[in-house]
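Colleague: Turn this into a model:
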Amino acid sequence: MTFLLQSSAIQTKQNFFIYLCFILALIFALLFGLIKFIKTKIEKKQNEMVNDPNLPTNTRILKIVAKILDLTYDEIKFTRDFCNEYNVSNFSLKIKDEKFIDELFKKIYEKLNLNPSDETEYKKSILFSIRQKIDKLKNKKNSTLITNSSLIAVNQQIEFITEDNNQYTSFVISNNQDCFTVQTPKNIFNDELQFTTLQKITFSFETENNIAYILQSRVLNSGKDHCTQIAHTKNIQALHRRSQKRIHFTPECFFSAVQIQTSNAENKTKVEYKALEKKHNGTLVDISSDGCCIQSDLDIREGQYINVKTKIDGKNEDEFIGIILKTDNANSMEMYKLHIKFIKISRKVRNKIFSKVYEYQAF
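Modeller: The predicted structure is shown next:
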């Protein structure tokens, strides 16, 4: 009898603990659900506020922009300052509006130009760095690769590449489901190139989002109305994406070979670039903040360092040093294109290139 009473007491205690654990688990579940509900409501409210175009560019918006664009501390500070000065509302939404960004950044640049100094050049470099990151975000969203020639845009500039590696510029006139039509390219004597039906051709082009392609196809018809019809193809290859925006720019330039000198001071190797006296004439073909292309009658080997002088603003002489990454034939066997990467360039000159690329200053 005593054993039965003891067993009953133990069972009662066990049931009590089971019920207690069940009740506590239920309370915790209810609390967890309540906290999650409140958190969801708060996040929803915050998201609604963030998507409000009239919301001031406050600290929260700046954090969002900094995360999206991967801004540095100085870039965040600079963004905060110009948003306050120009009363920019919700900059996280404004960065999607290219026209607004162009107009705003041009105003900022023009104001900075009123007080030329080393500090001003530094602020310009921050401005252009932010602009580059905005462009990079846009290009990332528009990064769908072209895999078929039917997707090539009308007015797209292309470069025909002949068997002897000469290049001739043309552009796309029309593109439909049957073929795409280009203006028949001309040589340096202004004569149209001659193509035969089903002739295999190669050309390259670069899209607005800075992706370069090379394509091979065949000619369907050529010579009529100064046009050449080309068969559609999937034989198209993406070569690379340029890191910087590039524009066609054709001022005269002078360049010379560079002698590299090294010296040791305080356990540090110092590299100096000395331009040689003999100068050569050339013409810029295009330019970006990290490099340029020069057309010349000299076939200079890849890996050669050169000093280049030109007038980016058409008035004052600018100078930079670069390395030739590639040399290829231009429209004639007697002319060559030197593809150059900048090695040494001042902040001021780079800012002038940026202002030219983005058309922030009329030269």
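Colleague: neighbours around residue 18, how many?
Modeller: Other residues near residue 18 come to 10 when the count uses other C-beta atoms under 10 Å. In this view, the C-beta of every residue, glycine as well, is placed from N, C-alpha and C.
Colleague: Could you give the average pLDDT over the helix or strand hosting it?
Modeller: Residue 18 is located in helix 2-50, with elements delineated by DSSP states H and E. On average, the pLDDT along helix 2-50 is 65.
Colleague: ok, then the element right after that helix?
Modeller: Following helix 2-50 in sequence order, the next helix or strand is helix 59-69 (DSSP H and E).
Colleague: which residues are in contact with the helix or strand that that next one is followed by?
Modeller: Note on helix 59-69: by DSSP H and E, the next helix or strand toward the C-terminus is helix 73-85. Contacts to helix 73-85, defined as C-beta atoms under 8 Å, 6 or more residues apart in numbering, come from residues 57, 62, 65-66, 69, 71, 88, 91, 104, 108, 123, 126-127, 129-130, 133.
Colleague: If we use 10 Å, what do you get?
Modeller: Contact with helix 73-85 is made by 56-59, 61-63, 65-66, 69, 71-72, 88-91, 94-95, 104-105, 107-108, 111, 122-123, 125-127, 129-130, 133, as judged by C-beta atoms under 10 Å, 6 or more residues apart in numbering.
Colleague: Report the buried members of those.
Modeller: Among the contacts of helix 73-85, those classed as buried by 16 or more other C-beta atoms under 10 Å are 57, 61-62, 65-66, 69, 71, 88, 90-91, 94-95, 104-105, 108, 123, 125-127, 129-130, 133.
Colleague: Distance of residue 277 relative to residue 253?
Modeller: Using C-beta to C-beta, to the nearest Å, residue 277 is found at 17 Å from residue 253.
Colleague: ditto for residue 32
Modeller: 69 Å.
Colleague: what about these two, which has more around it?
Modeller: More neighbours surround residue 253 than the other of residue 32 and residue 253, with 21 against 10 (other C-beta under 10 Å).
Colleague: Surely that one forms part of a strand?
Modeller: Yes. Read with DSSP: H, G, I helix; E, B strand; the rest coil, residue 253 is one of the residues of a strand.
Colleague: ok, it touching residue 322?
Modeller: No. In this structure residue 253 lies outside contact range of residue 322 using C-beta atoms under 10 Å: 11.5 Å.
Colleague: pLDDT below threshold where in this structure?
Modeller: Low-confidence segments of the chain (pLDDT under 70): 1-16, 37-38, 40-50, 141-143, 164-166, 188-189, 239-243, 265-269, 331-333, 362-363.
Colleague: Let me see the domain layout of it.
Modeller: Partitioning the chain according to automatic domain parsing yields domains covering residues 59-141, 149-241, 247-357.
Colleague: mind giving me JSON lines with the ones you listed and columns for distance to residue 20?
Modeller: Output for these, formatted as JSON lines (distance: least, C-beta to C-beta, whole Å):
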{"stretch": "domain 59-141", "distance to residue 20": "44"}
{"stretch": "domain 149-241", "distance to residue 20": "63"}
{"stretch": "domain 247-357", "distance to residue 20": "69"}
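Colleague: Which one of the ones you listed lies nearest to residue 17?
Modeller: Closest of these to residue 17 is domain 59-141, at 47.4 Å (criterion: C-beta to C-beta).
Colleague: where's that closest one relative to the chain centroid, distance-wise?
Modeller: 16 Å (C-alpha atoms, centre = their mean, to the nearest Å).
Colleague: Appreciated, that's everything.
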